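>>> pasting the structure only:
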Ligand code: RIB
Ligand code: CA
């Protein structure tokens with residue numbers, strides 16, 4: 001049974017690889033659409049980048065809807081120092097020709113929730129949670145129709161990556177995160193504690209390149225670009241690969257282990273703004289509100305990612321699209 005998903009994202013090379021992994025998994029995931037949010041780079045660029053990724057793999061049919069340009073409050077934070085000026089530095093791709101959809105991100109999410117069975121859609125959140133918070137505020141009557149939210153965000157034992165205590169996606173919009181974490185929805189959180197175990201070592205980068213397809217080389221080029229910052233910062237044998245872990249969780253949750261705990265968001269303190277205070281040892285009486293992942297089978301993750309990208313070839317072969325009457329088409 002394929003799972004219907006909407007990907008909310010701020011591409012970002014790692015978001016782009018996550019989108020490719022989802023589109024390469026048409027046997028398991030039906031990507032209803034992509035909603036973009038300001039994050040790694042400003043909204044016009046995240047919206048451009050999402051379309052470039054769809055075109056890279058021949059999926060111009062995927063609707064891309066632009067969302068929030070800035071956080072609910074506070075200043076807009078970006079991460080060009082990691083992802084480069086365009087957000088997809090490292091590989092040369094054509095400017096997109098597919099158009100942005102006219103419906104806003106939250107309107108698209110509402111439209112899809114109305115036409116699908118309640119609980120059928122999973123929101124995959126790869127960036128700041130501004131769009132999701134805006135949706136929950138604008139359409140409270142549709143909240144119950146969301147199946148679950150699987151997000152990359154937060155940190156606990158791994159502490160922060162954009163400040164000493166905060167992970168970027170949460171730090172970029174803590175108020176939005178607070179709205180989502182207090183929504184009562186079924187939340188699965190993949191924090192830095194997991195993604196910092198998913199290091200893009202030289203042999204894993206080479207495995208992408210050895211796929212031999214344009215997509216394989218592009219993924220290796222992207223990864224090779226954004227890892228320079230993290231290798232220097234962490235002195236590790238490769239940069240952590242964050243967002244594809246969300247898609248991998250949907251494809252094979254047995255790769256991950258976690259626990260159902262309380263996650264609270266610091267929204268006021270200047271010092272710890274955006275911190276995810278995860279009650280991992282259940283020392284408070286705050287009720288659990290999220291399934292937080294704490295460990296991952298690293299080799300299993302990279303085998304899954306590399307194999308799916310290898311099978312993907314150079315684009316979507318319509319035979320693997322699900323829920324579609326589209327005729328078979330040669331891989332583009
Ligand atoms: O902290 C890592 C997260 O922030 C990833 O989603 C990356 O793409 C950036 O959005
Ligand atoms: Ca992201």
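Thanks, I have it. Note that the structure is a prediction, hence the values are computed from the model and not measured. Numbering: from 1, shown residues only. Ligands and ions are numbered 1, 2, ... in the order given.
>>> alpha carbons only for contacts and neighbour counts from here, please
Noted.
>>> helix, strand or coil for residue 124?
strand (DSSP: H, G, I helix; E, B strand; the rest coil).
>>> could you measure from it over to ligand 2?
As for residue 124, its distance to ligand 2 is 11 Å (criterion: CA to the ion, to the nearest Å).
>>> I figured that residue hits residue 146, correct?
No: Residue 124 is beyond contact range of residue 146, at 11.2 Å (criterion: CA atoms under 8 Å).
>>> center of this protein, which residue is that?
Note on the chain: the residue nearest the mean C-alpha position is residue 126, at 2.4 Å, using CA atoms, centre = their mean.
>>> name the nearest residue to that residue, sequence neighbours excluded.
Ranked by CA to CA, 6 or more residues apart in numbering and with sequence neighbours excluded, the top spatial neighbour of residue 126 is residue 9, at 4.8 Å.
>>> pLDDT score for that neighbour?
On pLDDT, residue 9 comes in at 98.
>>> just checking, it touches residue 37?
Yes: the pair residue 9 / residue 37 is scored as a contact, 6.0 Å apart, by CA under 8 Å.
>>> can you give me the strands in the protein?
3-9, 29-36, 64-66, 121-125, 146-152, 187-190, 256-261, 263-265, 276-278, 290-296 (DSSP state E).
>>> right, so these: which one is the most enclosed?
strand 64-66 (a mean of 27; mean count of other CA atoms under 10 Å).
>>> what's it packed up against?
Applying 3 or more CA pairs under 8 Å, 6 or more residues apart in numbering; DSSP states H and E, one finds that strand 64-66 contacts strand 29-36, helix 43-56, helix 105-115.
>>> now the ones you listed as CSV including mean pLDDT?
What follows is the helices and strands packed on strand 64-66, written out as CSV (pLDDT from 0 to 100):
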stretch, mean pLDDT
strand 29-36, 98
helix 43-56, 98
helix 105-115, 98
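>>> what's the spacing between stretch 17-27 and its chain's center?
When distances are taken as CA atoms, centre = their mean, to the nearest Å, stretch 17-27 is centred 12 Å away from the chain's centroid.
>>> for residue 145, which non-adjacent residue is spatially closest?
The nearest residue in space to residue 145 (CA to CA, 6+ apart) is residue 118, at 4.2 Å.
>>> report pLDDT for residue 237.
79.
>>> now swap in residue 328 and tell me
33.
>>> for residue 66, same thing?
98.
>>> any idea how far residue 47 is from it?
Separation of residue 66 from residue 47 (CA to CA, to the nearest Å): 6 Å.
>>> so what sits against both of these two?
36-37, 100 (CA atoms under 8 Å, 6 or more residues apart in numbering).
>>> which non-adjacent residue is nearest residue 207?
When the adjacent residues along the chain are set aside, residue 207 lies closest to residue 306, with 7.1 Å between them (CA to CA, 6+ apart).
>>> what parts of the stretch 201-332 of the chain come near ligand 2?
Proximity of the stretch 201-332 of the chain to ligand 2, by CA under 5 Å from the ion, involves no residues.
>>> which stretches of the stretch 201-332 of the chain have low pLDDT?
316-332 (pLDDT under 70).
>>> please see if stretch 116-131 touches ligand 1.
Yes: Stretch 116-131 reaches ligand 1 (CA under 6 Å from any ligand atom) through 126-127.
>>> can you give me the end-to-end distance of that stretch?
20 Å.
>>> kindly report the same for stretch 233-253.
Here the two ends of stretch 233-253 are set 30 Å apart, with distance taken as CA to CA.
>>> list the buried residues of it.
For stretch 233-253, burial by neighbour count (16 or more other CA atoms under 10 Å) applies to 238-251.
>>> now stretch 298-313
For stretch 298-313, by 16+ other CA under 10 Å, it's 298, 301-302, 304-310, 312-313.
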